[in-house]
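A.B. asks: Provided below for reference: sequence and predicted model.
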Amino acid sequence: MATVETISYRVDARRSHAISPLSGFVNTGALTLIAILVQGYHPYAEDGGLYLAGVKRLLYPSLYPTWTEFVTAQTGYSLFAPAVAALVRFLHLNLMTGILLIYVASIWGTLLAAWMLAARCFEGIEASIGSVLLLAVWLAMPVAGTSLMMMDPYVTARSISTPLGLLAFSGAVDVHRSLECGFAIAPWKIGVYLGSALIAELAHPLMATYALSRAALFLTVSLPDRKRRLATIYGLMLFALAAAACIFFLAPSQTPEYIRAAQTRAYWFIDSWQSYELFGLVAPLVVIAAIAARTRNLENDTVRSMAYTVALAGAAGVMIALIFARTASASYAVARLQPLRIFQFIYLLMILLLGGFLCVAILKRRLWAWATLLVLSGGGMFLLQLQTYPHSAHLELPWDSPRNGWHQGFLWIRQNAPSDALFALDAKYISANGEDSQNFRAIAERSALPDYSKDGGLASITPKLARQWSYGENIQTDLDIESDSTRAAKLARTSASWLVLSSDAHTELNCPYANQSMKVCRIAESPNPARVSGR
């Protein structure tokens, strides 16, 4: 006779596939529009600019003839940039149109994968809509102190690995149910799950490896035999610790330049986090545990297994970070792997379960209640995004003229400066007033000396670049506030012939372009007070 537990699994298995696949496509398509309107789109900002410059270099090899390593380094860790370049060539697309399409597809893919996961946790289409709706308006939520958002408002390799990682996790749930209930998974589904894991690994090896480890941990947590389950869990945790220890102790010695570059990434080191950032590690685990406890008699065992999975994954990430990823550590090899990035998935799962639980237990079919939640949560995230990029359009679409003054100036450089020109900018230009983290190389398509922020990040994950980064960054430190004579003395050690300054920086150099935010000056010419403004 079948046990009650076995019957419940069979019901769960039928229920997770009862929702029409078409409804998932349609509903997540509509929610994708909401997500993009809330989150915005800033293709040249932050890491998006780094990846874009790498793609442009692959498409147009003559770009960035000097300091090229700071463009190509990002393309060497995965097949993301080569794949994007190949896709653009194959489809004969304008690059920025292609990037926009990839952005929309990545948001839609994430919400669709989340829909599939929600359908395996809650009964009824309303709960799936509730789960994915809350995720759609909270995609831009920061993940504790990791310097990550659940989804970026630009395209990076994470834009591909995130939806595929979620899909692979859904595959792990199906594998568990098939073993418990005795039904077979369709071969094409197995191919989809394995293909998702493989492509995610090729796109972003680090994030995909964390995704696969979560899937393996879920299968372990779901083992029916208690002794075997505990033994396997302890084995996986010890393996993670042993692997981290090997990486830590076998890593090559660090140069002073690399130590300095790595320490610019304060979020790598949990001992340097603020108290509210530490709260961000605990809060999602508490929320997920509370939901798992409340749904004990309402939902299937999948929710509780997921809760145990993220609790163990979070504990492992924190434990490894506390032991091996500290500011005073002898090696930063483990810190470079950023073990706390595993919390990106924990945040995703927290929001999915919270949205489904709110629908099932509280909001139900009260449209006014859902509208209130949407306005409050989505409106708050929308305002946060406006404050993050206050001097740029909320949706920076390829056919629109840029509103950002720095972006306008970088475009002038693309159209007027020689293709082999080398530019110097203040080392922290990306944090300048009104700059909104717009990436110079990606927009201007010109070579530049390495900056503190984004190039410092490249040097921190690519130790061989640390010495070059330190040299270039030191030369550009405080360029914006120094005198022309000091700038000239520092830049004489380079072949830079152009200088970008903020609009309020004092200079007597000839600056053929200036606007309300910045100015572009020639270093090689004699001082000339004349200015030519432009938009």
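C.D. replies: Done, it's in. Residues are numbered from 1 along each chain as shown.

A.B. asks: residue 331 reaches residue 262, doesn't it?
C.D. replies: No. Between residue 331 and residue 262 there is no contact, the gap being 10.1 Å when judged by Cβ atoms under 8 Å. Every C-beta, even on glycine, is put in place using the N, C-alpha and C of the backbone.

A.B. asks: name the residues contacting each of those two.
C.D. replies: Jointly contacting residue 331 and residue 262 under the rule Cβ atoms under 8 Å, 6 or more residues apart in numbering are residue 254.

A.B. asks: off-centre distance for whichever strand or helix holds residue 27?
C.D. replies: Per DSSP states H and E: residue 27 is located in helix 21-39. Remark: helix 21-39 is offset 20 Å from the chain centroid, using Cα atoms, centre = their mean, to the nearest Å.

A.B. asks: what about residue 166, neighbour count?
C.D. replies: The local packing of residue 166 (other Cβ atoms under 10 Å) involves 26 other residues.

A.B. asks: apart from its chain neighbours, what residue comes closest to it?
C.D. replies: residue 113 (3.7 Å; Cβ to Cβ, 6 or more residues apart in numbering).

A.B. asks: repeat for residue 89
C.D. replies: That would be residue 59: by Cβ to Cβ, 6+ apart, it lies 7.2 Å from residue 89.

A.B. asks: what of residue 190?
C.D. replies: residue 171 (7.6 Å).

A.B. asks: what about stretch 420-440, start to end distance?
C.D. replies: 15 Å (Cα to Cα, to the nearest Å).

A.B. asks: tell me the buried residues in it?
C.D. replies: Neighbour-count burial for stretch 420-440, counted by 16 or more other Cβ atoms under 10 Å, picks out 421-430, 432, 434-440.

A.B. asks: before we move on, the earlier item: list the buried residues for the helix holding residue 27?
C.D. replies: Buried residues in helix 21-39 (16+ other Cβ under 10 Å): 24, 27, 28, 31, 32, 34, 35, 36, 38, 39.

A.B. asks: the second one touches residue 132, doesn't it?
C.D. replies: Yes. Taking contacts as Cβ under 8 Å, residue 27 lies within contact range of residue 132: 7.1 Å.

A.B. asks: joint contacts of the two?
C.D. replies: With Cβ under 8 Å, 6+ apart as the test, residue 27 and residue 132 both reach residue 115.

A.B. asks: quick one on the thing from earlier: so which of the buried residues of stretch 420-440 belong to helices?
C.D. replies: residue 440 (DSSP state H).

A.B. asks: any weak-confidence spans in this protein?
C.D. replies: Applying pLDDT under 70 to the chain picks out residues 1-21, 182, 295-300, 524-535.

A.B. asks: now do the strands in it.
C.D. replies: 142-143, 148-149, 422-425, 447-448, 498-502, 510-514, 518-522, 531-533 (DSSP state E).

A.B. asks: so how far is the second one from its chain's centroid?
C.D. replies: Looking back up the chat, that one is strand 148-149. Counting by Cα atoms, centre = their mean, strand 148-149 comes out at 5 Å from the chain centroid.

A.B. asks: show me what it is packed against.
C.D. replies: In terms of contacts (3 or more Cβ pairs under 8 Å, 6 or more residues apart in numbering; DSSP states H and E), strand 148-149 is packed against strand 142-143.

A.B. asks: tell me which strands the strand it packs on pairs with, and in which orientation.
C.D. replies: strand 148-149 (antiparallel) (DSSP bridges).

A.B. asks: how is this protein partitioned into domains?
C.D. replies: By the assignment in automatic domain parsing, the chain contains the domains 4-39+94-364, 405-533.

A.B. asks: now these as CSV including distance to residue 75?
C.D. replies: Below are the domains of the chain laid out as CSV (distance: least, Cβ to Cβ, whole Å):
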stretch, distance to residue 75
domain 4-39+94-364, 10
domain 405-533, 11
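
A.B. asks: wait, which of these is closest to residue 79?
C.D. replies: Residue 79 lies closest to domain 4-39+94-364 among the domains of the chain, at 4.6 Å (Cβ to Cβ).

A.B. asks: for stretch 118-137, the distance to its chain's centre please.
C.D. replies: 23 Å.

A.B. asks: look up how far residue 325 lies from the closest residue to residue 469 other than its chain neighbours.
C.D. replies: Closest residue in space to residue 469, ignoring its immediate chain neighbours: residue 459 at 3.7 Å, by Cβ to Cβ, 6+ apart. To residue 325, residue 459 is 18 Å away according to Cβ to Cβ, to the nearest Å.

A.B. asks: who's more crowded, those two?
C.D. replies: Shown here are residue 459 and residue 325; by other Cβ under 10 Å, residue 459 has more neighbours (29 against 25).

A.B. asks: I figured the more buried one hits residue 472, correct?
C.D. replies: No. The pair residue 459 / residue 472 is not scored as a contact, 9.8 Å apart, by Cβ under 8 Å.

A.B. asks: what do those two both touch?
C.D. replies: In contact with both residue 459 and residue 472: residue 450, using Cβ under 8 Å, 6+ apart.

A.B. asks: picking up where we left off before, check contacts around the residue nearest to residue 166.
C.D. replies: 163, 164, 166, 167, 170.

A.B. asks: show me where the stretch 201-350 of the chain has helices.
C.D. replies: 205-221, 226-250, 256-263, 275-294, 301-324, 333-336, 343-357 (DSSP state H, counting those that start in this stretch).

A.B. asks: look up how far residue 379 lies from residue 371.
C.D. replies: Counting by Cβ to Cβ, the gap from residue 371 to residue 379 is 11 Å.

A.B. asks: whoops, residue 136 was the one
C.D. replies: 13 Å.

A.B. asks: the nearest residue in space to residue 128 that is not next to it in sequence: how many residues sit nearby?
C.D. replies: Excluding the flanking residues, the one nearest residue 128 by Cβ to Cβ, 6+ apart is residue 118, at 4.4 Å. Per other Cβ under 10 Å, the neighbour tally for residue 118 reads 26.
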